[in-house]
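Novice: Just need the structure, nothing else, for what follows:
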Amino acid sequence: MAERAHVSNGRGRMRGPGRRSRTWFATCALACALAALWVGCGMQRQPADLVVRNAHIVCLDGRGTTAQAMAVRNGRIVALGKEHEILNAYSPRETLDAAGSTVVPGLIDAHSHLLGYALSLSRVNVVGTSSWEEVVAEVQTFATHLPDTTSWIRGRGWDQNDWAQASFPDRADLDALFPNRPVAIQRIDGHAVMANGAALRAAGMERVRAVPGGEMLAREDGSPSGVLIDGAADTLLARIPAPSRSEKVEALRTAQTRLLASGLTTVTDAGLDWQDIALIDSLHATGDVCLRVVAMANPTEANFRAMEARGGWDTPRLKAQSFKFYMDGALGSRGAALLAPYDDRPGHRGLVLQDLDAYGRNLTRVRAAGFQACTHAIGDSANRLVLDAYAEVLGGTNDLRWRVEHAQVVHPADLPRFQQASVIPSIQPTHATSDMYWAGERLGRGRIRRAYAYADLKEQLGLVALGTDFPVEDIDPRKTFLAAVARQDLSRTPAQGYHLDQGLTPREAMLGMTLWAAIASRMEGEVGSLEPGKRADFVLLDRDWLQLTDPHDVMSSRVRAVYMEGTRVHSSSLP
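Specialist: Predicted coordinates for the structure are as follows:
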């Protein structure tokens, strides 16, 4: 009886050590199962070089995708998702705690001048000067720090539209200070040069002459004032001794540091000769430069032959698959080609820089070789001429990604032609907020309403590529975002935005500096968004630009770190 009582009390209830034994075995079984599951999951975790966690990842893939974590292997993104999913699926060599940072794709400047910007860093900078006298003073101060007292003095940045006397200057002051030393200071847009007498003599241009596609301004006595516009400026600049290879290399290294710090991982050089494209390629090979570069070749015969012989350049960090043409000059120097005369210079319609027959032949050659055509067009006449020529060669919709660079003044009747020939507008939002103080004087009330029409241009193909045109404008992508969205300068002028109906949304502005810019350069399979398979170029920001209450808050945001192919190339606040 005692033994039976130990097993059961007659009502089926377990008693004594038997019940405890079953509970113990069940607990052990559950623990073993969980341990086996954990070990099994651990054995199935895939290797990764880097996992980014604790992040707000804005993929900018065109679908609004966001994520909390990202895995990178061999320089490419392999997965994005929720943090626990990525951490459970991947075993990384390195983990980056983003500390809540917003992560976006590496930013792209779709139209700039990398080598020109790099070289300008060692030249006198007169951007923002308020008078010609101030420009001269800056040049004089700069010259005192140059070790060589005979070499050319170079600089850039003057803009007569910013001065109380908004007229072109005269070389007399530079002649007095530097009677025997050549001085050449480019206007901010690069389409005009102020040269002193020594520079004109050195270039063999001491007399006023007719220059194809350009203009030499004259004094009342018929002598040159020193101001050379477009083709005339190009002629003088081409006769200045070129910088050495070592000077270019050092300049590019310095420029890269600044560009990466601003969040740019890909920049465009809109106009290079093949030797400089080859130089950038060699610097990528040696590791001196890591910045991705989209290079447009100048349309010279030597460049055509070099590009055709090797099919251009298409490496992981260099894309040279296009040619850059100029149809006209700049609005600020009245070189932009207009359908009707300038309001502030009656009878003058600007400058057409292309022989149209030769241009058509070159476009046919570009298409036959499989390259892109990218053409500078500012005025409405220039834009029409480009669209006419493109339509003739392209014949209709296509996927060749030919581009119009700037597209600042487009007649409303020509807007649909971007869609009809699949032509991508490549625009620079800060041009609108820099030019707005005087552009109306050039164009008049009617035309100014159809200038800088970025929203209308975006509607044609559903995208626009955004750039800065640096060194014409600042390299800072935050200013591009602000100008695109708020259509204001840093002082919130004008209060209601400059023709705000032509602004872009914050998401459109970000896409213009990422995915859309990549599409415009045929690179969307590699960069431009954060997606599996693409190169792991990304930027950590201290806030999400898409969620800003006030667009001006972008100017106080900071780049915390920049990665290219999963390797940190810039850091300001991460360990």
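
Novice: From now on I want contacts and neighbour counts done on CA atoms only, so please keep to that.
Specialist: Fine.

Novice: Pretty sure residue 400 sits against residue 372.
Specialist: Yes: Residue 400 lies in contact with residue 372 (Cα atoms under 8 Å); the separation is 6.6 Å.

Novice: For the two, indicate the residue with more neighbours.
Specialist: Comparing residue 400 with residue 372 by neighbour count (other Cα atoms under 10 Å), the higher total belongs to residue 372, at 22 against 19.

Novice: For the more buried one, which residues are in contact?
Specialist: Residue 372 makes contacts with 321, 322, 323, 366, 400, 401, 402, 403, as judged by Cα atoms under 8 Å, 6 or more residues apart in numbering.

Novice: Tell me how far the fourth one lies from residue 425.
Specialist: Residue 366 sits 19 Å away from residue 425 when distances are taken as Cα to Cα, to the nearest Å.

Novice: more crowded one of the two?
Specialist: residue 425 (26 against 20).

Novice: Name the SS class of the more buried one, please.
Specialist: Of the three states, residue 425 takes strand according to DSSP: H, G, I helix; E, B strand; the rest coil.

Novice: quick one, helices of the stretch 301-450 of the chain?
Specialist: 301-310, 356-369, 380-394, 415-420, 429-435, 439-448 (DSSP state H, counting those that start in this stretch).

Novice: Spatially central residue in this protein, please.
Specialist: Centroid check for the chain by Cα atoms, centre = their mean gives residue 109 as the closest residue, at 0.8 Å.

Novice: Hmm, that one is touching residue 263, no?
Specialist: No: counting by Cα under 8 Å, residue 109 does not reach residue 263; the two are 10.1 Å apart.

Novice: Can you check which residues contact both of these two?
Specialist: residue 477.

Novice: And stretch 144-155, what's buried?
Specialist: Buried residues in stretch 144-155, defined by neighbour count with 16 or more other Cα atoms under 10 Å: 152, 153, 154, 155.

Novice: Give me the below-cutoff pLDDT ranges for this structure.
Specialist: The chain contains residues with pLDDT under 70 at 1-43, 573-575.

Novice: rerun at 80
Specialist: 1-43, 147-150, 573-575 (pLDDT under 80).

Novice: Would you mind giving the domain segments of it?
Specialist: 1-44, 46-106+532-575, 118-238, 245-531 (automatic domain parsing).

Novice: got the end-to-end distance for the third one?
Specialist: It refers to domain 118-238. This stretch, domain 118-238, spans 18 Å end to end (Cα to Cα).

Novice: Likewise for stretch 149-160?
Specialist: End-to-end distance (Cα to Cα), stretch 149-160: 28 Å.

Novice: Next: stretch 514-528.
Specialist: End-to-end distance (Cα to Cα), stretch 514-528: 4 Å.

Novice: Adjust the sequence numbering to begin at 28 for everything that follows.
Specialist: Got it, the first residue is 28 from now on, which makes the last one we talked about stretch 541-555.

Novice: Show me which residues of that stretch are buried.
Specialist: Judged by neighbour count using 16+ other Cα under 10 Å, the buried positions of stretch 541-555 are 541-549, 551, 553-555.

Novice: And stretch 407-415, by the same measure?
Specialist: Using 16+ other Cα under 10 Å as the test for burial, stretch 407-415 gives 407, 408, 409, 410, 411, 412, 413, 414.

Novice: Also stretch 450-461?
Specialist: Judged by neighbour count (16+ other Cα under 10 Å), stretch 450-461 contains these buried residues: 450, 451, 452, 453, 454, 455, 456, 457, 458, 459, 460.

Novice: For stretch 78-94, measure first residue to last.
Specialist: This stretch, stretch 78-94, spans 12 Å end to end (Cα to Cα).

Novice: again, but for stretch 446-460
Specialist: End-to-end distance of stretch 446-460 (Cα to Cα): 26 Å.

Novice: Also stretch 311-325?
Specialist: This stretch, stretch 311-325, spans 21 Å end to end (Cα to Cα).

Novice: Touching that stretch from outside, list them.
Specialist: Counting by Cα under 8 Å, 6+ apart, 279-280, 283, 287, 292-301, 304, 307, 310, 330, 343-352, 401, 548 sit against stretch 311-325.

Novice: quick one: which of those sit in strands?
Specialist: Here DSSP state E is the test, and the contacts of stretch 311-325 give 292-299, 345-352, 401 as lying in strands.

Novice: thinking again about what came up before, of the contacts of residue 399, which is the nearest to residue 508?
Specialist: The shortest gap between residue 508 and any of the contacts of residue 399 belongs to residue 430, at 21.1 Å (Cα to Cα).

Novice: how about the buried residues of stretch 450-461 in TSV, adding distance to residue 512?
Specialist: Listed next are those as TSV, based on distance: Cα to Cα, whole Å:
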residue	distance to residue 512
450	23
451	20
452	17
453	16
454	14
455	12
456	9
457	11
458	13
459	12
460	11
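
Novice: now, among those, which is nearest to residue 238?
Specialist: Set against residue 238, the nearest of the buried residues of stretch 450-461 by Cα to Cα is residue 458 (27.5 Å).

Novice: I figured the closest one was touching residue 500, is that so?
Specialist: Yes: counting by Cα under 8 Å, residue 500 is a contact partner of residue 458 at 7.5 Å.

Novice: what about the closest residue in space to residue 352 that isn't next to it in sequence, how many neighbours?
Specialist: Excluding the flanking residues, the one nearest residue 352 by Cα to Cα, 6 or more residues apart in numbering is residue 402, at 4.5 Å. Counted with other Cα under 10 Å, residues neighbouring residue 402 total 25.

Novice: now the strands: where do they sit in the stretch 128-277 of the chain?
Specialist: Secondary structure of the stretch 128-277 of the chain (DSSP state E, counting those that start in this stretch): strands located at 129-132, 134-136, 151-152, 180-185, 210-214, 219-222, 241-245, 251-257.

Novice: Quick one: residues contacting residue 416.
Specialist: With Cα under 8 Å, 6+ apart, residue 416 has these contacts: 386, 387, 390.

Novice: try 7 Å this time
Specialist: Counting by Cα atoms under 7 Å, 6 or more residues apart in numbering, residue 416 makes contact with residue 387.

Novice: From residue 447, how far out is it?
Specialist: According to Cα to Cα, residue 416 and residue 447 sit 13 Å apart.

Novice: cool, residue 236 as well?
Specialist: Look at residue 236 and residue 447: by Cα to Cα, they are 42 Å apart.

Novice: Tell me where the stretch 428-577 of the chain has strands.
Specialist: Under DSSP E, counting those that start in this stretch, the stretch 428-577 of the chain gives strands at 430-433, 451-454, 492-493, 565-568.

Novice: Within the sheet, what are the partner strands of the second one, with directions?
Specialist: Using DSSP bridges, the strands paired with strand 451-454 are strand 430-433 (parallel), strand 492-493 (parallel).

Novice: okay if I get those as TSV plus mean neighbour count and distance to residue 366?
Specialist: TSV is the format used below for the strands paired with strand 451-454 (neighbours: other Cα atoms under 10 Å; distance: least, Cα to Cα, whole Å):
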stretch	mean neighbour count	distance to residue 366
strand 430-433	26	17
strand 492-493	30	25
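
Novice: Let's have those strands in a markdown table, adding distance to residue 314.
Specialist: Listed next are those as a markdown table, based on distance: least, Cα to Cα, whole Å:
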| stretch | distance to residue 314 |
| --- | --- |
| strand 430-433 | 31 |
| strand 492-493 | 28 |
